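Student: predicted model and sequence follow; I will ask about them next.
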Amino acid sequence: MAETGQQRRPGSRRLRLIALVLGGLVAAVALTLVIAVYLLLQPDRFTAMLQTQARAAGLDLRLASPASPSLFPRPALDLQGITLSAEDASAPILLAARGRLALPWHTLFGGPTVISQLQIDSPRVDLDALQDWMAALPAQAENAPPNIPRIDTGIDITHGSVVRGNEVLLDNLSLRAGRLVSGQPFPLSVTATTAGNPWQLRLSTTPRIEGNTLQLDNISLHLAQAGKVTLVLNGRAHWHGAADATASLAGKLDHADGGQYDISLVLSPANQDNPLLLALKLDGPGNHADLRLPPLALAHWWSQLGNPQAAQLTAPPGSGHAEFDTIDAGNVHIEGLTVQAGNDVPAAATSAAPAASPAPGK
């Protein structure tokens, strides 16, 4: 038996030696792979590209630490502590805990510097800072070609929020979008919570980009508040820069407590006599509306609602006629509302319940 044990020891030593050699080879391969991944991905190259693109738009992009590369399950760069600000601004437009740039394999082997998907986790967008940056952008020359928006990568945002000052406008925001490529379907999905109510938006369309024109065909839009309101619209749109835009959408609005409504939206481009104009028609049980609204002026009016330095509040811009049996918005309940608006007709309400009275069942 002792002789047999002595015969086995050389075999055991050989096995241990082979294991050590294999382990060393694996460690060497792993180290080589890490170095190769870093050299192939070149994190500094992508970081510099992003910062250059940001500067071209008047923005300053900063990271809390250098980007770190990874290869599996696919090539990517991990970004930590993202801050995006307008140049010389006191408040950042966007803060994000982390981000990830997914890259195509051919980029690693000498291909063009391309990002296939941008992932951002826990971004916080300051609406005031965003509006200040947009207001500071240089005005486009009257005869300059329009800047067609582009989405060259897929975008995936999770756990986001949109704030104005200390007020949270949107929370639990998730957004997923595909690439905006001419002739290929473009999907967009958004979920968020506002005032405690969850909302979901799904949009799909086929964009066609020809020169300075963006055509959106086969638009399908679905907007829903769980268990309460569902809006479904279909149609098409056309944009040729600034206020040169047209759109035609029609569909149904389902309200859990109010029934089903036919709704249509028609957007007319601005001309020498009229601004960009949106014609809204709504027809259903107890509620009817036929309104013409200038969306740019309406957006400006809306932005002044919470501004203490704004001039005295005026009626919203627009014209037309609307009749509503009841309106419930949060804790506000209004009955028998009739609005007639126009150049010479002020908005008026025939009757309304007290502004703070709770809606039935609340």
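Tutor: That came through, no problem.

Student: what about the helices in the protein?
Tutor: The residue ranges that make up the helices of the chain, judged by DSSP state H, are 2-41, 43-56, 105-108, 127-136, 295-303.

Student: what about the closest residue to Gly318 other than its chain neighbours, how many neighbours?
Tutor: The shortest distance from Gly318 to any residue that is not its chain neighbour, by C-beta to C-beta, 6 or more residues apart in numbering, is 4.1 Å, and that residue is Leu293. (Each C-beta comes from the backbone N, C-alpha and C, glycine too.) Using other C-beta atoms under 10 Å, Leu293 has 19 other residues around it.

Student: how about the one 4 residues further on?
Tutor: Around Ala297 there are 15 other residues, counting by other C-beta under 10 Å.

Student: residue ranges of each domain in the protein, please.
Tutor: What the record gives for the chain is the domain set 16-134+150-179, 197-302, 318-362, from automatic domain parsing.

Student: reformat the ones you listed as CSV; add mean pLDDT.
Tutor: Supplementary listing: the domains of the chain in CSV, determined by pLDDT from 0 to 100:
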stretch, mean pLDDT
domain 16-134+150-179, 79
domain 197-302, 88
domain 318-362, 58
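
Student: minimum distance to Pro185: which of the ones you listed has it?
Tutor: Distance to Pro185, taken as C-beta to C-beta, is lowest for domain 197-302 among those, at 5.5 Å.

Student: pick out the residue closest to the middle of this structure.
Tutor: With distances taken as C-alpha atoms, centre = their mean, Leu175 lies nearest the centre of the chain, 5.8 Å away.

Student: that residue and Ala279, how far apart?
Tutor: For Leu175, the distance to Ala279 (C-beta to C-beta, to the nearest Å) stands at 29 Å.

Student: got it, and Leu79?
Tutor: According to C-beta to C-beta, Leu79 and Ala279 sit 44 Å apart.

Student: Leu77 too?
Tutor: Look at Leu77 and Ala279: by C-beta to C-beta, they are 47 Å apart.

Student: which strand residues bridge Leu338?
Tutor: Let me fix one detail, which is that residue 338 is Thr and not Leu. Residues in a beta bridge with Thr338, per DSSP bridges, are Glu323.

Student: I'd guessed it sits against Asp325; true?
Tutor: No: under the criterion of C-beta atoms under 8 Å, Thr338 is not in contact with Asp325, lying 10.2 Å apart.

Student: partner residues bridging Asp206?
Tutor: Let me fix one detail, which is that residue 206 is Thr and not Asp. Beta-bridge pairing of Thr206 under DSSP bridges involves Asp217.

Student: burial check on it, number of neighbours?
Tutor: Counted with other C-beta under 10 Å, residues neighbouring Thr206 total 16.

Student: go on, the one 4 residues further on?
Tutor: Neighbours of Glu210 under the rule other C-beta under 10 Å: 9.

Student: for the residue lying closest to it once chain neighbours are set aside, what are its contacts?
Tutor: Spatially, and ignoring its direct neighbours in sequence, Glu210 is nearest to Ser182 (7.6 Å; C-beta to C-beta, 6+ apart). Residues counted as contacts of Ser182 (C-beta atoms under 8 Å, 6 or more residues apart in numbering) are 207-210.
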